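> Following is a predicted model, sequence given first.
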Amino acid sequence: MIDQSNISQSIASQNRVSGIGERSWFWLVCLVCLVIVFSSLGSSALFEPDEGRNAEKAREILLLGDWVTPYQNFLPTLDKPIFFYWLVAISFKLFGLSEWSARLPSALAGLGCIFLVYRFARLQWGLQEGLWSSLVLITSLEFFLFSRIVIFDMTLTLFISLALFSFYAVTQTDDPRAGKRHCLLMYAAMGAGTLVKGPIALVIPGAVIFFYLLLTGKWFLLRRLNILLGTIVYFAVVAPWYLWVESRNPGYLRYFLWEEHFVRYLTPHFSRTKTWYYFFLVLGIGFLPWSFFIPVTAKNLWNRTFTGANLLLTLWVILPFAFFSASNAKLPHYILPIYPALAILTGQAVAAKMQDPKRSRILYIPGIFIVAFIVYLLVGAAWPNLLARDIRSDVPQSVSLLLLYGTIISLVFGVFVAGDLKSVWKGQGAAFMCTAVSLALFFILAGQIVARASFRRAAKSTAQATAALIDRPDRLVFYDTYIEGLLFYLRIDKPIWLVQSPEKGNIMGSFYVAEKRPAPAAGYGQVLFTFEEFAAQCGKNELPLRIFLKEKNLPRLTKEVGAVPRRLTSFDDFVLVSNRCRAETDNSSIRLR
């Protein structure tokens, strides 16, 4: 007879690490993730260009009351679907306009990914794998950054992860009702992802699922996937907005599906071509400090029995990476969706290594990396030319902060190393605790340094420098330039005139606006001007103008309007000028109208 009490005790012992129960470890990892994600979340000014433009599009949803067509500077900007802007707009509605509320949807999506990763690894392998996988994910550099940025990709990653985890749940259950629930969730997640960034949310999970079935030969699983019902669910989620926006903006679907996807992927039309090994560099930096573990992860995967879960995760890493590497358009965040799978594989490898006390020293790597990087920053404070340009002037002002955090992290890491060398620690608890605390402190420090650096050349500092020089009746103008987040920070309720060459490839970062030159929101008049149209408009405009332009373009403006604008202020390589000026010919005071 099987002793049920012994089995229960064995299971309970597996669910404990260093004598601490599973629930306590779960809440500990939750606390670490919350601290890392939310620390200084709203302290940084919006980074240009993506955060500024995305936050402004969400603000204009509330300002215009239009939840169908995304607007930027009161012009339809249909390069991306609207779902992410809805999330940011709802956050603004609940918590007010701020950097913190703008970033909240990405932060929550990041936490959602971490929960899914923990749950999957915990169910497939055990508590230790779940803990390490969660820690690896939240402390990988690129995932950390994009969980704190107003951009689509973290939300897209959440829905792709939910779709693939749901698919695997379908393969593991024989309960038709449970399988159907997982199927519906999978298709709904693909649909929601398609509303975030387009068909890529269907292509990536679809490719992984197809090759999983191909390599396992389990084509019978197709019967469990309820494809007909799933297609109905997918289009029920996707179709209403896509058809509605097409009716409002005829030709949108052709532009979005053809140019934003096929043309972007197959040609260098969007000027984002990189070398074939570009994403290897991105992954090497973006997965730090865990990129040092990739060879160990590969070896651990090779030595293991290749279970269905490991096959799914491997395909999840390789296929999107190869797909985007073959593309003619490459940006760092394109491979973000592979991070949950790679984190689980790495967490699994770390947990396996930690089973052997002699191999636990592999966890010295994150600590060494952190300490070495802080030393690098301290050296850079004395010789700023060693630092990246964006933080060169801010790190010397953060020396006390670096010393404080560096000392604490060194003490935590030193205690772990000393205890490990003397075989004091039992199990993996101390290793996990010390690694989690060290990395959490490091990312808190990184967040504070980034926050200080963000105010240099930011739209927020520009708005603060110019707000007192702008009255409500003034008409603002961007002359052959654009500062993405300025509308958001100035909180203006009318468009800024854009004076641009008609041959310009993108306007406000939007290829759609440049190619289609759409009409602005009803009642707001002309927004886009050529140089000739603006010069003509200056002669008859009755409102005061406040013109933002680069210093180098001031002579051209003067020549085109036949007068020298009055300089109001300068910032970086920009100037703000007024249309109250003196004529070049007779030096008499005139207005450009």
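It's in. These numbers come from a predicted model, not from an experiment.
> and residue 546, what helix or strand is that in?
For residue 546, the host element (DSSP states H and E) is strand 545-550.
> Okay, now the sheet partners of that strand, with direction.
Sheet pairing of strand 545-550 (DSSP bridges) gives strand 475-479 (parallel), strand 574-583 (antiparallel).
> same question for the last one, mean pLDDT?
Along strand 574-583, the predicted confidence averages to a pLDDT of 71.
> hang on, the earlier thing: would you list the strands paired with strand 545-550 in TSV and tack on distance to residue 343 and mean neighbour count?
C-beta coordinates here come from the backbone N, C-alpha and C atoms, glycine included. Shown next, in TSV, are the strands paired with strand 545-550 (distance: least, Cβ to Cβ, whole Å; neighbours: other Cβ atoms under 10 Å):
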stretch	distance to residue 343	mean neighbour count
strand 475-479	42	21
strand 574-583	41	19
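> As JSON lines, those strands with distance to residue 124 would be great.
Below are the strands paired with strand 545-550 laid out as JSON lines (distance: least, Cβ to Cβ, whole Å):
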{"stretch": "strand 475-479", "distance to residue 124": "53"}
{"stretch": "strand 574-583", "distance to residue 124": "54"}
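> closest to residue 91 out of those strands?
strand 475-479 (26.3 Å; Cβ to Cβ).
> which outside residues touch the closest one?
For strand 475-479, contacts defined as Cβ atoms under 8 Å, 6 or more residues apart in numbering pick out 470, 490, 492, 496-499, 534, 541, 543-549, 553, 557.
> repeat for stretch 246-260
Contacts for stretch 246-260 (Cβ under 8 Å, 6+ apart): 68-69, 76, 78-81, 198-199, 242, 245, 269, 511-512, 515-516, 518.
> and the gap between residue 198 and residue 242?
10 Å (Cβ to Cβ, to the nearest Å).
> can you give me the strands in the chain?
With strands called from DSSP state E, the chain shows them at 71-72, 75-76, 475-479, 497-499, 528-529, 545-550, 563-571, 574-583, 589-591.
> Quick one: distance of the fifth one to the chain centre.
Computed by Cα atoms, centre = their mean, to the nearest Å, the separation of strand 528-529 from the middle of its chain amounts to 31 Å.
> Might you list the low-confidence residue ranges for the stretch 251-400 of the chain?
260-273, 305, 357-360 (pLDDT under 70).
> buried ones in the strand holding residue 546?
Buried residues in strand 545-550, counting neighbours by 16 or more other Cβ atoms under 10 Å, are found at 545, 546, 547, 548, 549.
> Any chance of those residues in TSV with pLDDT and distance to residue 561 as columns?
Putting the buried residues of strand 545-550 into TSV (pLDDT from 0 to 100; distance: Cβ to Cβ, whole Å) gives the following:
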residue	pLDDT	distance to residue 561
545	87	10
546	90	14
547	90	10
548	91	15
549	90	12
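> and which of those is nearest residue 89?
residue 548 (26.1 Å).
> Which strand residues bridge that closest one?
Assessed by DSSP bridges, residue 548 has beta-bridge partners residue 478, residue 576.
> The stretch 201-350 of the chain: helices as residue ranges?
All helices of the stretch 201-350 of the chain, identified by DSSP state H, counting those that start in this stretch, fall at 227-248, 252-254, 264-266, 278-286, 294-303, 308-325, 339-353.
> Of those, which is nearest residue 386?
Closest to residue 386 of the helices of the stretch 201-350 of the chain is helix 278-286 (Cβ to Cβ; 17.4 Å).
> what's the offset of that closest one from the middle of its chain?
16 Å.
> And that helix, what's buried?
Under the neighbour-count criterion of 16+ other Cβ under 10 Å, helix 278-286 has 278, 279, 282, 283, 286 buried.
> Quick check: the two most widely separated of those?
The span of the buried residues of helix 278-286, defined through Cβ to Cβ, is set by 278 and 286 at 11.7 Å.
> mind listing what residue 445 touches?
Taking Cβ under 8 Å, 6+ apart as the test, what residue 445 contacts is 374, 401, 402, 405.
> and with 7 Å instead?
Residue 445 is in contact with 401, 405, counting by Cβ atoms under 7 Å, 6 or more residues apart in numbering.
> Filter the contacts of strand 475-479 down to the buried ones, ChimeraX style.
The ChimeraX selection below is limited to those of the contacts of strand 475-479 classed as buried (16+ other Cβ under 10 Å):
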select :470,490,492,496,497,498,499,534,541,544,545,546,547,548,549,553,557
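> May I have the strand holding residue 546 as PDB, with CA atoms only?
Output of strand 545-550 as PDB, limited to C-alpha atoms (Å, rounded to 0.1, in the frame of the first residue of the first chain):
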ATOM      1  CA  LEU A 545       3.200  83.100 -34.000                       C
ATOM      2  CA  ARG A 546       5.700  81.300 -31.800                       C
ATOM      3  CA  ILE A 547       8.000  79.300 -34.100                       C
ATOM      4  CA  PHE A 548      10.200  76.400 -33.000                       C
ATOM      5  CA  LEU A 549      13.100  75.700 -35.200                       C
ATOM      6  CA  LYS A 550      16.800  74.700 -35.200                       C
END
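> chain center to it, what's the gap?
Taking Cα atoms, centre = their mean, one finds strand 545-550 lying 31 Å from the centre of the chain it belongs to.
> contacts for it?
Applying Cβ under 7 Å, 6+ apart, the contact partners of strand 545-550 are 469-470, 474-481, 483, 557, 565, 573-579, 592.
> where does this structure dip in pLDDT?
For the chain (pLDDT under 70), the answer is 1-20, 260-273, 305, 357-360, 455-457, 539-542, 580-593.
> Grab the most central residue of it for me.
Nearest to the centroid of the C-alpha atoms of the chain, with distances taken as Cα atoms, centre = their mean, sits residue 146, at 3.2 Å.
> got the contact list for it?
106, 153, 154, 333, 336.
> Roughly how far does the spatially closest residue to the fourth one that is not a sequence neighbour sit from residue 339?
Nearest residue to residue 333 in three dimensions, chain neighbours excluded: residue 153, at 4.3 Å (Cβ to Cβ, 6 or more residues apart in numbering). Between residue 153 and residue 339 the distance is 10 Å, computed by Cβ to Cβ.
> more crowded one of these two?
residue 339 (27 against 24; other Cβ atoms under 10 Å).
> Would you confirm that residue 142 contacts residue 284?
No: with contact defined as Cβ atoms under 7 Å, residue 142 does not reach residue 284; the gap is 10.5 Å.
> Give me the neighbour count for residue 431.
24.
> Quick one: residues contacting it.
Going by Cβ under 7 Å, 6+ apart, residue 431 touches 354, 360, 363, 416, 425.
> could you flag which of those residues are buried?
The buried subset of the contacts of residue 431 (16+ other Cβ under 10 Å) comprises 354, 360, 363, 416, 425.
> Among those residues, which pair sits farthest apart?
354 and 416 (12.5 Å).
> of all the helices of the stretch 201-350 of the chain, which lies closest to residue 114?
helix 339-353 (8.5 Å).
> re the thing from before, narrow the contacts of stretch 246-260 to those that are buried.
Among the contacts of stretch 246-260, those classed as buried by neighbour count (16+ other Cβ under 10 Å) are 69, 76, 78-81, 198-199, 242, 245, 511-512, 516, 518.
> Farthest pair within those?
Greatest spatial distance among the buried ones among the contacts of stretch 246-260 (Cβ to Cβ): 199 and 518, at 22.6 Å.
> excluding its backbone neighbours, what's nearest the residue nearest to the centre of the chain?
residue 154 (5.0 Å).
> residues contacting the one you found?
106, 109, 110, 146, 147, 336.
> quick one: which of those residues has the most company?
When neighbours are counted by other Cβ under 10 Å, residue 106 leads those with 29 neighbours.
> Let me see the contact set for the residue nearest to residue 333.
Counted by Cβ under 7 Å, 6+ apart, residue 153 has contacts 146, 333, 336.
> Dump the residues you listed into TSV; add distance to residue 52 as well.
Shown next, in TSV, are those (distance: Cβ to Cβ, whole Å):
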residue	distance to residue 52
146	16
333	16
336	20
